[in-house]
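Novice: Provided below are the primary sequence and the corresponding predicted coordinates.
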Amino acid sequence: MQAQDIMTKNVISAAADTTVEQITALMMENHISAVPILDGDGTVIGLISEGDLMRRVEGSGKAHKSWWLSLFSGSDNTAHDFIAMRSRRAKDIMTQKVEVVAPDIPVADIARLLEQKRIKRVPVVSNGKVVGIVSRGNLMQALASTPRVTLEPSTSNREKRAIVMGALGQVPGLNPVHLNVMVEEGRVDVWGLADSDTEEKAARVALDNIDGLGEVTVNLGRIPNYAWGI
């Protein structure tokens, strides 16, 4: 399953000069939580989310920094805060470093990207243009709609292994590269590493949706997140 299979295709977007009030109205009217900001050519240059608007509201209620405190924080930082809290244009409050993905990227890779970057959605771009957006909600819908697979008695061990690896590849956050799958007559053993108990449980759920595998065991160890960079 790929981004193009689960993405929301009717993307509500806005221009850089759109006012904050208009952005807020767009979100409320369309029941969405983020709006991509596009330039005149339709290229993504930023994104405004509910979080950006909430931080703006929260910041507006804070007491202004005194002149002596600004000496420590720096005038640039103070000016940046002023722009973020009081500007009326999307270009001044939007998140500028926006992660984007291609339509053919696997859903599992999108899940890993959202987890690693700690973001809730990602625009889908083809030939420089936005063609959709994938959110955590889209991922959950895709997971909920995953059909149950029933294997024929004639399915070979090699075919079973390919089906098992494909199912595990759909588990958000689980990297198939760190897995070893052994398939013998009437038995499947999965060994490897996972970041959390939740990922291991999700792996079990993925395989539980495949009838005809026989006895299944999942043995995933843990490794600290910092160790992945070693």
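Specialist: Perfect, thanks for sending it. Residues are numbered from 1 along each chain as shown.

Novice: so where is the chain shaky, pLDDT-wise?
Specialist: Applying pLDDT under 70 to the chain picks out residues 56-87, 144-147, 223-230.

Novice: tell me the SS of the residue nearest the centre of it?
Specialist: In the chain, the residue lying closest to the centroid (Cα atoms, centre = their mean) is Leu114, at 2.8 Å. Here Leu114 is recorded as helix under DSSP: H, G, I helix; E, B strand; the rest coil.

Novice: ok, it touching Val122?
Specialist: Yes. If you go by Cβ atoms under 8 Å, Leu114 and Val122 touch, sitting 6.7 Å apart. No exception for glycine: its C-beta is placed from N, CA and C like everyone else's.

Novice: right, and Ile32 touches Ile12 too?
Specialist: Yes. At 5.9 Å, Ile32 counts as touching Ile12 under the criterion of Cβ under 8 Å.

Novice: what touches both of the two?
Specialist: Common contact partners of Ile32 and Ile12 (Cβ atoms under 8 Å, 6 or more residues apart in numbering): Leu26.

Novice: counting contacts, what elements does the one helix or strand Val130 maps to pack onto?
Specialist: Per DSSP states H and E: Val130 is located in strand 129-135. When contacts are defined as 3 or more Cβ pairs under 8 Å, 6 or more residues apart in numbering; DSSP states H and E, strand 129-135 packs onto helix 3-6, strand 34-38, strand 121-126.

Novice: picking that back up, measure the residue nearest to the centre of the chain to Gln22 for me?
Specialist: Noted for Leu114: a distance of 27 Å to Gln22, by Cβ to Cβ, to the nearest Å.

Novice: okay, now the domains of this protein?
Specialist: Residue ranges for the domains of the chain, per automatic domain parsing: 3-142, 146-229.

Novice: Touching the strand holding Val130 from outside, list them.
Specialist: With contacts defined as Cβ under 8 Å, 6+ apart, strand 129-135 is touched by 3-4, 6-9, 11, 13, 33-34, 36, 38, 42-44, 101, 103, 110, 120-125.

Novice: For stretch 188-200, list every residue counted as buried.
Specialist: Val188, Val190, Gly192, Leu193, Ala194, Asp195, Glu199, Glu200 (16 or more other Cβ atoms under 10 Å).
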